[in-house]
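Asker: Predicted model, plus sequence, below.
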Amino acid sequence: MEISNFVKNIRNIMRGDAGINGDAQRIEQMAWMLFLKIYDQKEAQWEFTDSSYRSIIPEELRWRSWAVDKMDGKAPTGESLLDFVNNRLFPTLKKLPVDENTETRRAIVRAVFEGENNYMKDGTLLRQVVNVIDSIDFGDFADRHAFGEIYETILKGLQSAGSSGEFYTPRAVTDFMVMMVKPKLGEKMADFAAGTCGFIVSTLKELEKQVKTVEDRKTLNASLFGIEKKPLPYLLGITNLLLHDIDNPMLLHGNSLEQDVHSYTEKDRFHVILMNPPYGGGEQDGVKMNFPSDLRSSETADLFMSVILYRLKKDGRAAVILPDGFLFGTDGAKRAIKEKLMKECNLHTIVRMPSSVFAPYTSICTNILFFDKTGPTKETWIYRLDMPDGIKHFSKTKPMQLKHFDPVVKWWDNREAIQIDGADKSRKFTIDEIKAGNYNLDLCGYPHEDEEILPPDELIAKYRKERKVMDERVDAAIAEIEKLLKGE
């Protein structure tokens, strides 16, 4: 088949199935089948190179045994295929025998399927989807390379799949952050809310340039680590890493916030941390108890920032995407986290990004914080990245590209203060200035922009997000006034 029609063909088939409701379910349905297909072809390689390799999947449940249609009338379809998938395949894979001694490349099968479901209700349409997926030869370089582009399209589809959009960070952003942090072969890198593994893949591509020997390749494969809480992005992330030849992906299915931060030892720390932590959500009170009292926040992104501070090695480097709310928050946990950050780390750079970078998923303004654990902060540069000439807003069809970061890349090694129309675009702030401002880092902000005309549903979502940000600003201002009245 023409690989360029892959996603379109599957979407058209699934539209006829009453069990599929929306993009998120369509992507999840596609994802578990892609995983089994790719995993089966990886197992063929492992069996060829390692005569002792044995699949953890029972023979009759392996992709090659039930999914491949040899056109001899024996491939299951219709009700028999539905019965097989629902009553044999899924129940067995969810309960595969796994313990602490199970090899990672085998254990990931159970980890993937523990949170997955089959949504399709029409066995004939399910057979058609299976046949489309099976038509791609992931062992063929041309098909595999082309499918890399298709997989990016699938991941981008998450941006318009409701709340699933939080799992995808534009590739231009992950590539830029990796470029600025400059990971080195032999360093260990982590993402504690890995999503579909965009940061890990961008790091992998950078480190591959440094690989010269077989030992270098082994070092690289063992240096990338991630944790993801939600089942769908975990499945997509594992598949993404297998596609990039990480045969034993160190991607754990779990919640990074569920461990007491005081329990981390040196072996739990990393040279490089790259993240876009989920924000806007909250955690149960029991999770907050894993943090010191002054760092306990109702904002998920704040808690992840604390985890990063506890898990970054001495002399380590980090780049983290955070919303404006973190910058201007001057009360409670937000202030305490920023104070801890600047006492323990060198917050040397903040890059403010345009509001439409994550469109259409969210219009919340975001920022990239770059810091290292080389000593306390003495000064912080803030750079406002403006929209490129000729582009008013990024969108799903016109996303941000790596070249759009060229102005900040050029400025990075030759920093200078920049003013436009009397407003700061780039400026250095000393730690004394930051302390005097009560750790408010909402500086070098964007001027007022003309209102964007959006479809009604996107406009409502945009206003709700903006209202939440404004509520946070008002709460912070009230807290400051109350402190003044109390004479604190």
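Answerer: Yep, that arrived. Numbering: from 1, shown residues only.
Asker: and K425, how far is that from E433?
Answerer: K425 is 17 Å from E433, where distance means Cβ to Cβ, to the nearest Å. No exception for glycine: its C-beta is placed from N, CA and C like everyone else's.
Asker: ok, the two, which is more surrounded?
Answerer: Between K425 and E433, counted using other Cβ atoms under 10 Å, K425 has the larger neighbour count: 21 against 13.
Asker: Quick check: the more buried one is in a strand.
Answerer: Yes: under DSSP: H, G, I helix; E, B strand; the rest coil, K425 sits within a strand.
Asker: from what I can see it touches C444, true?
Answerer: Yes: look at K425 against C444 with Cβ atoms under 8 Å: they come within range, at 6.3 Å.
Asker: Please identify every residue contacting each of those two.
Answerer: Between them, K425 and C444 share these contacting residues under Cβ atoms under 8 Å, 6 or more residues apart in numbering: 383-384.
Asker: Enumerate every residue touching the closest residue to V287 other than its chain neighbours.
Answerer: The shortest distance from V287 to any non-neighbouring residue, by Cβ to Cβ, 6 or more residues apart in numbering, is to L257 (5.0 Å). With contact taken as Cβ under 8 Å, 6+ apart, L257 is in contact with 283, 287, 290, 300, 303-304, 307.
Asker: Just say helix, strand or coil for L257.
Answerer: Classification of L257 using three-state DSSP returns helix.
Asker: For Q45, the count of nearby residues, please.
Answerer: So Q45, with other Cβ under 10 Å, has 14 neighbours.
Asker: what kind of secondary structure is the closest residue in space to D421 that isn't next to it in sequence in?
Answerer: Nearest in space to D421, with sequence neighbours left out and distances taken as Cβ to Cβ, 6+ apart, is P447 at 7.5 Å. Secondary structure, three-state DSSP: P447 is coil.
Asker: any idea how far P447 is from M387?
Answerer: From P447 to M387 the distance is 11 Å (Cβ to Cβ).
Asker: Also T239?
Answerer: Look at T239 and M387: by Cβ to Cβ, they are 34 Å apart.
Asker: which of these two has more neighbours?
Answerer: Neighbours of T239 and M387, each counted by other Cβ under 10 Å, are more numerous for T239; the result is 25 against 17.
Asker: Is the more buried one in contact with L36, as I believe?
Answerer: No: look at T239 against L36 with Cβ under 8 Å: they stay out of range, at 9.6 Å.
Asker: Next, the residue lying closest to S223 once chain neighbours are set aside: phi, psi?
Answerer: Sequence neighbours aside, K188 is the residue nearest to S223 in space, at 5.1 Å (criterion: Cβ to Cβ, 6+ apart). Backbone dihedrals for K188, given as degrees, to the nearest 10, come out at phi -100, psi 130.
Asker: K188 against L274, yeah?
Answerer: No: distance between K188 and L274: 12.0 Å, which falls outside the contact criterion (Cβ under 8 Å).
Asker: got a list of what L34 touches?
Answerer: By Cβ under 8 Å, 6+ apart, the contact list for L34 reads 133, 239.
Asker: helix or strand right after the helix or strand hosting it?
Answerer: Here L34 is covered by helix 23-49, with elements defined by DSSP states H and E. Once helix 23-49 ends, the next helix or strand along the chain (criterion: DSSP H and E) is helix 63-66.
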